[in-house]
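S.K.: The following block contains a protein sequence and its predicted model.
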Amino acid sequence: MTVPNPAHIKTALPGPKAAAMIARDAEVISPSYPRDYPFAMSHGRGTEVWDVDGNRFLDFAAGIAVCATGHAHPRVVEAVKCAADKFLHISSDYWHAQMLGLGERLARVAPMLTLAGEPAMSFLCQSGTEAVEGALKLVRYVTRRPRYIGFLGGFHGRTMGSLSFTSSKYTQQLGFAPTMPGVTHVPYPNPYRPLFAGADQGKAVLDYIRMLFERSVPASEVAAFLVEPIQGEGGYIVPPEGFLAGLRELCDEHGILLIFDEVQSGVGRTGKMFACEHTGVVPDIMTLAKGLGSGLPIGAVVAKKSLMSQWKRGAHGNTYGGNPLACAAANATLDLVSEGLADNAAAMGAHFMARLHELSRDYPCIGELRGRGLMIGMELVEADAERTPARALCDAVVTRAFHNGLLLLSCGTSTVRFMPPLSVSTSEIDEAMVLLRASLDQALAGH
Ligand code: PMP
């Protein structure tokens, strides 16, 4: 089998420098990180990255959907350098322009304002899981209700509160019980893998929740639903039309708050600033991280002002929230995404999806292509009528792609996911398609 673009790869992978680094790392860094293949990074620009042995790769994983503006975008780097020249840290006990700038930008783009005309306020932190923890605390504080509802297949983080909701793989919770009490999981509607009879899986899930309210979980005790508007780690699943609107109605009926976890889907990834904008449904609270800082660690709880303003001084806080470097990166990122990167994600997503549909004609193992913008999943299935997930094939495609010079990650049971930087070009997508086709051929041939 020929490798499509041998110029990418100078040495057998991992090269000698990467192999030496990985061996030393194994002695001092926790083995708990789920590392799938031996990529040891040297540097990156845009969609391109190089390993320590000088091999070039196209990065269609973007640090798990983090490098929204591409690697080392000059405007983000400049903004961080300027901020670093002034001071590295002051703590969230004080005021400064970068933090204020981010609060104002988030208030301007928040769906609460853009879709419903309601002002929003933000709490800043360092990661997705902390943003989720903040949202969980806020809804409990405001409602004083003890229960929550999450969705099977959801991913919300790995700290104890967010972990209690995370259920995209059982291994995430294995060994950590008991998790937080009061969390009930319900199915996430997946039209490709229907759990319920009938065509409308969204309506079926809403009926299931209503049944739950009648039988075991009193709606009056539920503080909030925590839901991804597009399920990420669970398999890049787009819920059927009307589902999120139905959830909103259920919330309004019972005084339950709606939290959208947009940690993976937010900040331009789907071709709009936030994934919920595709549906017109407005959450009460939204959690952000990943793409927000283009790589600098930052997260945010963005909530309706009427909710967040109820937090009394000292109710919730942290040391690093509003760190000037992270905020400078986020301010530059939000500007770049508003100025054109979200539009580019929409256009490039359409091109990419069209190319993947062409590819799927030659590969019956491609069961479904789904997603929005540059959040695209390719579910691989066995050649049977049951759509049996082709787990081994999915792993093999991701590994072969690495050896061909294309960084990918998987999600769900057997879904290859594509989440390149929002700045990706048609020529980079076309190059990735050549590498992907070769990777599929090699994986199917057992190489
Ligand atoms: N929520 C969602 C939707 C995510 O995809 C992730 C990370 N994959 C998280 C929360 C947790 O984010 P972090 O890893 O920054 O804690």
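M.R.: Ah, there it is.

S.K.: Going by C-alpha atoms from here, please, whenever you check contacts or count neighbours.
M.R.: Will do.

S.K.: Return the residues in contact with the nearest residue to residue 400 once chain neighbours are set aside.
M.R.: Excluding the flanking residues, the one nearest residue 400 by C-alpha to C-alpha, 6 or more residues apart in numbering is residue 439, at 5.1 Å. By C-alpha atoms under 8 Å, 6 or more residues apart in numbering, the contact set of residue 439 is 397-398, 400-401, 404.

S.K.: Okay, and which of the residues you listed map to helices?
M.R.: 397-398, 400-401, 404 (DSSP state H).

S.K.: and the residue nearest to the spatial centre of the chain, which of the three is it?
M.R.: In the chain, the residue lying closest to the centroid (C-alpha atoms, centre = their mean) is residue 264, at 1.9 Å. What DSSP: H, G, I helix; E, B strand; the rest coil gives for residue 264 is coil.

S.K.: Verify the contact between it and residue 292 for me.
M.R.: No: between residue 264 and residue 292 there is no contact under C-alpha atoms under 8 Å: 9.6 Å.

S.K.: In this structure residue 426 contacts residue 348, no?
M.R.: Yes: with contact defined as C-alpha under 8 Å, residue 426 counts as touching residue 348 (6.6 Å).

S.K.: neighbour-wise, which of the two wins?
M.R.: residue 348 (22 against 13; other C-alpha atoms under 10 Å).

S.K.: wait, residue 387 sits on residue 381?
M.R.: Yes: the pair formed by residue 387 and residue 381 meets the contact definition of C-alpha under 8 Å, at 5.4 Å.

S.K.: got any residues that touch both of those two?
M.R.: By C-alpha under 8 Å, 6+ apart, residue 387 and residue 381 have these common neighbours: residue 367.

S.K.: So for the two, which sits in the more crowded spot?
M.R.: residue 381 (23 against 16).

S.K.: What residues does the stretch 251-400 of the chain have near the ligand?
M.R.: 261-264 (C-alpha under 6 Å from any ligand atom).

S.K.: would a markdown table of those residues with pLDDT be doable?
M.R.: As requested, those are exported to a markdown table (pLDDT from 0 to 100):
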| residue | pLDDT |
| --- | --- |
| 261 | 98 |
| 262 | 98 |
| 263 | 98 |
| 264 | 98 |
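
S.K.: And the residues you listed, which of them are buried?
M.R.: By neighbour count, with 16 or more other C-alpha atoms under 10 Å, these hold 261-264 as buried.

S.K.: what residues does stretch 342-349 touch?
M.R.: If you take C-alpha under 8 Å, 6+ apart as the criterion, stretch 342-349 is touched by 267-273, 372-376, 422-426.

S.K.: try 6 Å this time
M.R.: Contacts to stretch 342-349, defined as C-alpha atoms under 6 Å, 6 or more residues apart in numbering, come from residues 268, 271-272, 373-374, 422.

S.K.: CSV please, covering those residues and showing secondary structure, pLDDT and neighbour count.
M.R.: Listed next are the contacts of stretch 342-349 as CSV, based on DSSP: H, G, I helix; E, B strand; the rest coil; pLDDT from 0 to 100; neighbours: other C-alpha atoms under 10 Å:
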residue, secondary structure, pLDDT, neighbour count
268, coil, 98, 30
271, coil, 98, 29
272, coil, 98, 23
373, coil, 98, 27
374, coil, 98, 31
422, coil, 98, 34
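
S.K.: with these in mind, which one is nearest to residue 113?
M.R.: Ranking the contacts of stretch 342-349 by separation from residue 113, with C-alpha to C-alpha as the measure, puts residue 272 on top at 14.8 Å.

S.K.: And the nearest residue to that closest one once chain neighbours are set aside, how far from the ligand?
M.R.: In space, and not counting its chain neighbours, residue 272 is closest to residue 342: 5.5 Å by C-alpha to C-alpha, 6+ apart. Distance of residue 342 to the ligand, given as C-alpha to the nearest ligand atom, to the nearest Å: 19 Å.

S.K.: Tell me which residues of the host helix or strand of the residue nearest to residue 400 come out buried.
M.R.: Counting by DSSP states H and E, the secondary-structure element that holds residue 439 is helix 426-444. For helix 426-444, a neighbour-count test (16+ other C-alpha under 10 Å) marks 429, 432-433, 435-443 as buried.

S.K.: Same list, those, but as JSON lines with pLDDT please.
M.R.: Output for these, formatted as JSON lines (pLDDT from 0 to 100):
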{"residue": "429", "pLDDT": "98"}
{"residue": "432", "pLDDT": "98"}
{"residue": "433", "pLDDT": "98"}
{"residue": "435", "pLDDT": "97"}
{"residue": "436", "pLDDT": "98"}
{"residue": "437", "pLDDT": "98"}
{"residue": "438", "pLDDT": "97"}
{"residue": "439", "pLDDT": "97"}
{"residue": "440", "pLDDT": "98"}
{"residue": "441", "pLDDT": "97"}
{"residue": "442", "pLDDT": "97"}
{"residue": "443", "pLDDT": "97"}
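
S.K.: wouldn't residue 373 be in contact with residue 271 here?
M.R.: Yes: with contacts counted by C-alpha atoms under 6 Å, residue 373 reaches residue 271, the gap being 4.7 Å.

S.K.: which regions of this protein lie under the pLDDT threshold?
M.R.: 1-7 (pLDDT under 70).

S.K.: Quickly list the domain ranges of it.
M.R.: Residue ranges for the domains of the chain, per automatic domain parsing: 6-73+341-444, 75-338.
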